[in-house]
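> Turn this into a structure:
(2 chains)
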Amino acid sequence: MDRGRYKIFLGMAAGVGKTYRMLQEGRAEQAAGRDVAVGYLEPHKREETSAQARGLEVVPRRAVRYRDVEVEEMDLPAVLGRQPDLALIDELAHSNPPGLEHEKRCEDIEDVLAAGIDVFSTVNVQHLESLNDRVAELTGVRVRETVPDSVLGTADEVVLIDLTPEALVARLRDGKIYPGENIDAALNNFFRIENLAALREVSLRQVAEDVESKRLTLHVAEPLGTREERLAAEVPRAVGERILALVRPQPSSQRLVRRAWRSAQRLGADLDLLWVKPPGRPIAGDEDRQVTALRQLASVLGATLLIEEHDDLVAAAARVVRERGTTYLMVGESLPRRGAARLREPLPQRLMHATPAGVDVRIVAHRGDKAEGEGS
Amino acid sequence: MIEHFLVGVALFLGLGGGYQIARSRLRGKRSERPRAVHRILLPFTGTEISRRALDAALRLAHAEGATLMPAYLAEVPKQLPLECAIPAEAAKAMPMLEAIEQRATGQGVPVDSRIERGRTYRHALKRLLGQESFDRVVVSATATGAAGLSGDDLVWLLDKAPAEVLILRPGPTDASRLRALI
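So this is what the prediction gives:
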């Protein structure tokens, strides 16, 4: 049996209209002649949402006792028994009470998909595991129900339900998201404009990355023939920026990292740091301390420190550039070359020749201490 | 004539070889010299730092040929893992470290900066003390009890730091602070 198609409606926060849009599309599918059923709906007492659900068949929920309270949950066996063409299942990050088939609703959805039923579902960006910490830092609010990011990867389509922070706050003020008594508290806490703007950016980037990763997978799966075709295929890769900074375990590299990080922030890019270590040389003493410092700095910045053993800096860097999809390469300024080294092509030129077309190489000047040596 | 030429070539080669040998020995001696750990820690919080403390640290570092280690102390909220990325804090730290480095480089002082995370500023300082070695710590006391290291933190530092601690008493020029645009 073929697995069902999976479509996820992703939002930056409650109230942007994920469930509404899911129901709207479900109705359109029904109007097109497909058998649609609501597996689970959480209308949150929102009149507009409830209105969209009218006319759609709802699979009754099942009552489950949890900590002496009766809660209503999706009835997975009933949904599987009903066998619609398309099931609408709200809030995929929900944690089920003990005793049900799975701990998470997203696992229930996997069973539904495996039964050949298409699924539409919803999730907010802060429920994604990798973004949970970041969103908590941005907003000061941590959500407990998280799902692995791979859930988005398993979806055939991810639709971002986008709304400007101002429009969302207006919806909140109009009482379209929470009842009146909760509005002021929400406005003063989670629903501040700066929080929503940050969440919106995270959501947009998440979907952009998802789109990019799917395209790259497609690209690997379907190699193209001619050089022109391959070059044309490279162009859209540059949409998602990624910076690679070539570092060495020295204090002067910290400036390079700071520069690279600020550029990454401006571009909305991911940052990788690469140290190409001479093969077989043990890391000890001062070098060990500097490697630890670099590792910590990378961790603070959310960057990735890569250590590659190779005797050819340019070859190692070029390989990492290809593997990581780097679009900018940043290197420290080289010392004036002496002796036979003068005959060799300068490092930035060698890097430009070795890396794919379209990868920019930037040189970050040393501020002072020239005694530390060249970056190659 | 040919003898003169040969003598000239021999003299040139001899002098050149002697110069190279002397140079390589000098280099060898330099590299054999143990590298002393001689560093001055300058911990700070927030987006400004006392100019008096920075100047004092730079004067000391310059006089002693030491490396200045400015360390931005970042508080990580309890709901986050201690080792998580803190881009918002890093955005505050970066321009400050850049400004300090610029000033230090102008005075010929090498810099090796850090950002340290902790549940509190004292906790961050404790982690830093555990990981790094240095000979001096320079901090400034504030008369106003403003945000940053408290009096208790300074007492703790005096007690725990395995280095000489220089606490600058509050002074009339404390209002002069190094700020970085964020």
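> got the CA coordinates for the biggest strand by length in chain B in CSV?
If you go by DSSP state E, chain B has its longest strand at strand B:67-75. The C-alpha trace of strand B:67-75 is given here as CSV (Å, rounded to 0.1, in the frame of the first residue of the first chain):
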residue,chain,number,x,y,z
THR,B,67,48.0,39.5,26.9
LEU,B,68,44.7,41.1,27.7
MET,B,69,41.8,38.7,28.0
PRO,B,70,38.5,40.6,28.0
ALA,B,71,35.7,38.2,28.9
TYR,B,72,32.0,39.0,28.4
LEU,B,73,29.9,37.3,31.1
ALA,B,74,26.6,36.1,29.8
GLU,B,75,23.6,35.0,31.9
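> any idea which helix or strand comes after it?
Reading on from strand B:67-75 to the C-terminus, the next helix or strand found by DSSP states H and E is helix B:87-106.
> what about the longest strand of chain B, near chain A?
Yes: using Cβ under 8 Å from any Cβ of the partner chain, strand B:67-75 reaches chain A at B:67, B:74. Any C-beta I mention is one placed from the backbone N, CA and C, and that applies to glycine too.
> which residue sits closest to A:Leu76 in space, ignoring its chain neighbours?
The spatially closest residue to A:Leu76, leaving aside those adjacent along the chain, is A:Asp108, at 4.8 Å (Cβ to Cβ, 6 or more residues apart in numbering or on different chains).
> check which helix or strand covers that neighbour.
Counting by DSSP H and E, A:Asp108 is part of helix A:105-114.
> so how far is that helix off the chain centroid?
Once both centres are worked out by Cα atoms, centre = their mean, to the nearest Å, helix A:105-114 turns out to sit 22 Å from its chain's centre.
> what does chain B have sitting close to chain A?
Counting by Cβ under 8 Å from any Cβ, chain B comes close to chain A at B:35, B:67, B:74, B:77, B:79-81, B:83-91, B:94, B:97-98, B:101-102, B:105, B:108, B:110-117, B:131-132.
> residues in contact with the next helix-or-strand element following the helix holding A:Asp108?
Proceeding N to C from helix A:105-114, the next assigned helix or strand is strand A:118-124, under DSSP H and E. With Cβ atoms under 8 Å, 6 or more residues apart in numbering or on different chains as the contact definition, strand A:118-124 has outside contacts at A:4-14, A:18-19, A:22, A:25-26, A:39, A:85-93, A:106, A:109, A:112-113, A:143, A:147, A:151.
> Just want the residue of chain B that's nearest chain A.
With distances taken as Cβ to the nearest Cβ, chain B approaches chain A most closely at B:Ala85, which sits 3.1 Å away.
> before we move on, back to that, the longest strand of chain B packs against which elements?
strand B:39-44, helix B:51-64, helix B:87-106, strand B:114-118, helix B:121-131 (3 or more Cβ pairs under 8 Å, 6 or more residues apart in numbering or on different chains; DSSP states H and E).
> which element is A:Val276 on?
In this structure, A:Val276 is located in strand A:270-277 according to DSSP H and E.
> Give the pairing partners of that strand; include direction for each.
Its sheet considered, strand A:270-277 pairs with strand A:242-246 (parallel), strand A:304-309 (parallel) by DSSP bridges.
> just the angle between the helix or strand following the shortest one and strand A:304-309, please?
Toward the C-terminus, strand A:242-246 is succeeded by helix A:252-267 as the next helix or strand (DSSP H and E). Counting by axes from the mean of the first three to the mean of the last three Cα atoms, to 10 degrees, helix A:252-267 lies at 130 degrees to strand A:304-309.
> one step back: and the gap between the residue nearest to A:Leu76 and A:Gln83?
Taking Cβ to Cβ, to the nearest Å as the measure, A:Asp108 falls 15 Å from A:Gln83.
> Any regions of chain B where pLDDT drops low?
Where chain B drops to pLDDT under 70, the residues are B:1, B:17-19, B:21-37, B:142-148, B:171-182.
> and the residue most central in space within chain A, what element?
By Cα atoms, centre = their mean, the mean C-alpha position of chain A lies nearest to A:Gln206, the distance being 3.6 Å. Secondary structure assigned from DSSP H and E places A:Gln206 in helix A:193-221.
> ok, now A:Arg362?
According to DSSP H and E, A:Arg362 maps onto strand A:360-364.
> other SSEs contacting that strand?
Going by 3+ Cβ pairs under 8 Å, 6+ apart, strand A:360-364 lies up against helix A:252-267, strand A:328-332, helix A:347-354.
> Going by neighbour count, which residues of that strand are buried?
The neighbour-count criterion (16 or more other Cβ atoms under 10 Å in any protein chain shown) identifies A:361, A:364 as the buried residues of strand A:360-364.
> Name the residues that touch that strand?
The contact list for strand A:360-364 (Cβ under 8 Å, 6+ apart) reads A:255-256, A:259-260, A:263, A:327-333, A:348, A:351-352, A:355.
> Would you mind checking the residues of chain B next to chain A for buried ones?
Applying 16+ other Cβ under 10 Å to those, the neighbour count classes B:67, B:74, B:80, B:84-87, B:89-90, B:94, B:97-98, B:101, B:105, B:110-117, B:132 as buried.
> thought A:Leu351 was touching A:Ser334?
No: checked against Cβ atoms under 8 Å, the pair A:Leu351 and A:Ser334 is beyond contact range at 11.3 Å.
> which of those two has more neighbours?
Between A:Leu351 and A:Ser334, A:Leu351 has the larger neighbour count (other Cβ atoms under 10 Å in any protein chain shown), namely 21 against 16.
> Perfect, that will be all.
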